[in-house]
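Asks: Sequence unavailable; structure follows:
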């Protein structure tokens, strides 16, 4: 590899002649395994999804039949009330959850940046705990805490004089209840990213603002927020894409119910594929969803590059 | 930033943050405690903050259940396979991308491509993988699930290791090679020791992600390779929800993650920020 490195500088022409071909092309060997893994496990399946989206797919006893039917799967989407409902619900979910998480995460990050360094370390370590726990186990835990009869949440509400809630058992409170759990867990992700962003802010603008006699609020609004913009957009991108794909919490806690009050796009697609075994339709929904996510990501990434 | 204000203000900030931390951790504490309470105690009003009478009956019931031990083992095996593959393959790519300039701006494109894969909706890959795995016999196998999880976490591994490799000055390995080492020797003697903390943190993040993963495991396993999150979920969906057992099962899945997290928390935070790609 030294030869390769030297060749880059062009100061050892003799070495090139002696270098075996595989060593001059070594750089490709480093990256090849990753690309191969992604090609087999992600790209090939995605291409297959696109093909199945335009087909009627039957899969019985390991025998796969794919019969092209044009756009039939796609036209069906617009008269499918279940998926229209899921789409709206997922949109609301993303909007509520991501904005709440950004507010909560940002507040905690700011507060944290004002503490003593020793306290910061301990508190930060404590706050990442919810983030790394298995969503399924966490969901199970909240299920117990949201129990109508002896859940601790209803007990806490009774202490402040609020009547018992049905939480997950009522179609009006089920989705907000799961939102609460998501905000609890994923705000800590926003916190970590925002906190890192705050810690790496340059100090000069602050000194300038202090000399100009700016108030803390003015400093926050005119210095901190603009400087944090790139971090902010990254957080928004990552959280939006993850929130839009939510399904595991619902799968464990409500299976989409009561009624379809907690059914999201991914959950609907999952049901079409693995309870109705309608792979063609599920694939059509998947690729449409993929296109939406790609558009979203592209818009965000453009903004990151502009920022 | 401290010190510039009055002592009471600084103190009140610390107290406020302590309050936030306690609120955030309270649900975790509560979940872990329910698994240790007797049935009459966890359904009583008002609830007890500290169990009056500790019991291990739920843990015994869960661990004694046929298959639960295997599900724990499956989770461990799959997480180890996924971590070995993702870390080996991912570090190689990260090293290559940090040391060489590929033609046509491929470095940037490859990194971006790896990131986009992470953004695919799960259903776009899981439906074809279900068919593909059934046909080639990888369904419900450890190696199949390990491959899937390593694919899911490869972006995290590459992006995180890239940061660690970039921190190592190139002069170090050139010096080793000038001293007569082949590049492989230089890699082993110079690079590997330096990125060891990074490797540890990345491995643990991948390990945790694989341990927690639910949707792919639900679809691509049945019995032989069924993982712990599926076992926990199964406790939930039974007609008669057994809260004690459910919380014991959850606790068993939570405790290893807690231990790992606390062990490497400093590098982990760096990983979470750098590798923000992985999501939660």
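Replies: Arrived safely, thanks for sending. Because the structure is predicted, anything quoted here is derived from the model rather than measured.

Asks: What residue in chain A comes nearest to chain B?
Replies: Residue nearest to chain B within chain A: residue A:30 (2.6 Å; C-beta to the nearest C-beta). Just so you know, the C-beta spots here come from the backbone N, C-alpha and C atoms, and that holds for glycine as well.

Asks: Pretty sure that residue sits against residue B:90.
Replies: No: counting by C-beta atoms under 8 Å, residue A:30 stays clear of residue B:90, with 10.7 Å between them.

Asks: quick one: which of the two has more around it?
Replies: residue B:90 (27 against 20; other C-beta atoms under 10 Å in any protein chain shown).

Asks: Which neighbouring elements make contact with the helix or strand hosting that one?
Replies: Using DSSP states H and E, residue B:90 maps to helix B:68-99. Contacts defined by 3 or more C-beta pairs under 8 Å, 6 or more residues apart in numbering or on different chains; DSSP states H and E place helix B:68-99 against helix A:26-38, helix B:106-117, helix B:142-166, helix B:192-212, helix B:228-237, helix B:243-263.

Asks: Just name the most buried of the ones you listed.
Replies: helix B:142-166 (a mean of 24; mean count of other C-beta atoms under 10 Å in any protein chain shown).

Asks: now that helix against helix A:26-38, angle please.
Replies: 140 degrees (axes from the mean of the first three to the mean of the last three C-alpha atoms, to 10 degrees).

Asks: Point out where the stretch 1-150 of chain A drops to low pLDDT.
Replies: Low-confidence segments of the stretch 1-150 of chain A (pLDDT under 70): A:1-24.

Asks: So which residues of it form strands?
Replies: A:55-60, A:63-68 (DSSP state E, counting those that start in this stretch).

Asks: what angle do the last one and strand A:55-60 make?
Replies: Which is strand A:63-68. 170 degrees.

Asks: Just read off the phi/psi values of residue A:79.
Replies: Per-residue torsions, residue A:79: phi -110, psi 10 (degrees, to the nearest 10).

Asks: Might you name the residue of the stretch 151-280 of chain B sitting closest to chain A?
Replies: With C-beta to the nearest C-beta as the measure, residue B:183 is the residue of the stretch 151-280 of chain B nearest to chain A, at 3.1 Å.

Asks: Please look at residue B:204 and residue B:262 and confirm they touch.
Replies: No: when contacts are counted by C-beta under 8 Å, residue B:204 is not listed as touching residue B:262 (10.8 Å).

Asks: Could you check stretch A:140-148 against chain B for contacts?
Replies: Yes: for stretch A:140-148, a contact with chain B is found by C-beta under 8 Å from any C-beta of the partner chain, at A:140, A:141, A:142, A:143, A:144, A:145, A:147.

Asks: quick one: which of those is nearest to residue B:51?
Replies: Distances from residue B:51 to the residues of stretch A:140-148 next to chain B, taken as C-beta to C-beta, are shortest for residue A:144 (14.4 Å).

Asks: Spatially central residue for chain A, please.
Replies: Chain A has residue A:242 as the residue nearest its centroid, 1.6 Å off, counting by C-alpha atoms, centre = their mean.

Asks: Provide the secondary structure category for that residue.
Replies: Using DSSP: H, G, I helix; E, B strand; the rest coil, the secondary structure recorded for residue A:242 is helix.

Asks: Okay, it and residue A:135: tell me how far apart.
Replies: Remark: distance between residue A:242 and residue A:135 (C-beta to C-beta, to the nearest Å) = 11 Å.

Asks: do the same with residue A:105
Replies: To residue A:135, residue A:105 is 18 Å away according to C-beta to C-beta.

Asks: what does residue B:134 give?
Replies: With C-beta to C-beta as the criterion, residue B:134 and residue A:135 are 26 Å apart.

Asks: Also residue A:125?
Replies: According to C-beta to C-beta, residue A:125 and residue A:135 sit 21 Å apart.

Asks: neighbour-wise, which of those two wins?
Replies: residue A:135 (22 against 16).

Asks: thought that one was touching residue A:251?
Replies: No: the criterion here is C-beta under 8 Å, and residue A:135 misses it with residue A:251 at 9.7 Å.

Asks: list the residues that contact both of these two?
Replies: Shared contacts of residue A:135 and residue A:251 (C-beta atoms under 8 Å, 6 or more residues apart in numbering or on different chains): residue B:214.

Asks: what about residue B:25, how many residues close to it?
Replies: Per other C-beta under 10 Å, the neighbour tally for residue B:25 reads 14.

Asks: touching chain A at all, the helix or strand harbouring it?
Replies: Element membership of residue B:25, judged by DSSP H and E, is helix B:7-34. Yes: using C-beta under 8 Å from any C-beta, helix B:7-34 reaches chain A at B:10, B:13-14, B:16-18, B:20-21, B:24-25, B:27-28, B:30-31, B:34.

Asks: Toward the C-terminus, what is the element adjacent to that helix?
Replies: Next along from helix B:7-34, by DSSP H and E: helix B:39-42.

Asks: Contacts made by stretch B:49-68 with the rest, please.
Replies: Stretch B:49-68 is contacted from outside by B:33, B:35-38, B:41, B:69, B:223, B:226, B:231, B:235, B:244-245, B:247-249, B:251-252, using C-beta under 8 Å, 6+ apart.
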